[in-house]
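**Q** got a structure for you, letters missing:
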């Protein structure tokens, strides 16, 4: 029987650079011979990517609960068709966002009840939690400046106060799950950040021990 894989997620406010870091880690682990699967949220399988388009289109106005249910539907598709199969096949899964985004954006940002959203989320995720979460913390003004006003999607166009609530929500989540979260200073250079990500990932993989079919050196 294959051994359960390793699940890594990247989180943070808009423009923090998490996607770049997630892809760099994917490329690095692949080069080291690991079996690695990359996905994103909302997104992943085709249906989830369709939902992503609805959620992020600037011309769409959604009620907060509609937003949550769409996110959870996309997440369930991603878990069932990408994340769970990869983990059962002893792969490392790297996801650009996961359920912490929902708690940060929809609970802390929108003000929806954490406990109720959490209950629904357990069904969507099949109770699968990341082994390691990198939170790239960055002042929201800096992140939005990096994106530029002309390139913003529906979420990025939210008021600055919303983004500040999201950032504070992330920091609260990180304090509540200190063993899983690793907080990075988003003001550091991409090279400095990736070196930290690489070192932490290698150390966590060593702690877990050999994983199934991996050919990697960790």
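**A** Perfect, thanks for sending it. Keep in mind it's a predicted model, so treat the numbers as computed, not measured.

**Q** which stretches of the protein form strands?
**A** When assigned using DSSP state E, the strands of the chain occupy the ranges 6-12, 36-40, 92-96, 132-137, 181-185.

**Q** need these in TSV with mean neighbour count, can you?
**A** For the C-beta atoms, the positions are set from N, CA and C on the backbone; glycine is no exception. Putting the strands of the chain into TSV (neighbours: other CB atoms under 10 Å) gives the following:
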stretch	mean neighbour count
strand 6-12	26
strand 36-40	21
strand 92-96	25
strand 132-137	23
strand 181-185	18
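
**Q** Residue 73 is nearest to which of those?
**A** The closest of these to residue 73 is strand 36-40. By CB to CB, the value is 15.4 Å.

**Q** Could you check how far the closest one is from the centre of its chain?
**A** Mean C-alpha position of strand 36-40 versus that of the full chain (CA atoms, centre = their mean, to the nearest Å) differs by 11 Å.

**Q** Taking the centroid of this protein, which residue is nearest it?
**A** residue 97 (1.7 Å; CA atoms, centre = their mean).

**Q** Name the nearest residue to that one, ignoring sequence neighbours.
**A** Nearest residue to residue 97 in three dimensions, chain neighbours excluded: residue 41, at 4.1 Å (CB to CB, 6 or more residues apart in numbering).

**Q** Repeat that for residue 30.
**A** The shortest distance from residue 30 to any residue that is not its chain neighbour, by CB to CB, 6+ apart, is 5.3 Å, and that residue is residue 36.

**Q** Make sure that neighbour is actually in contact with residue 94.
**A** Yes - if you go by CB atoms under 8 Å, residue 36 and residue 94 touch, sitting 6.4 Å apart.

**Q** Give me the common contacts of the two.
**A** Taking CB atoms under 8 Å, 6 or more residues apart in numbering as the contact definition, residue 36 and residue 94 share the neighbouring residues 26, 29.
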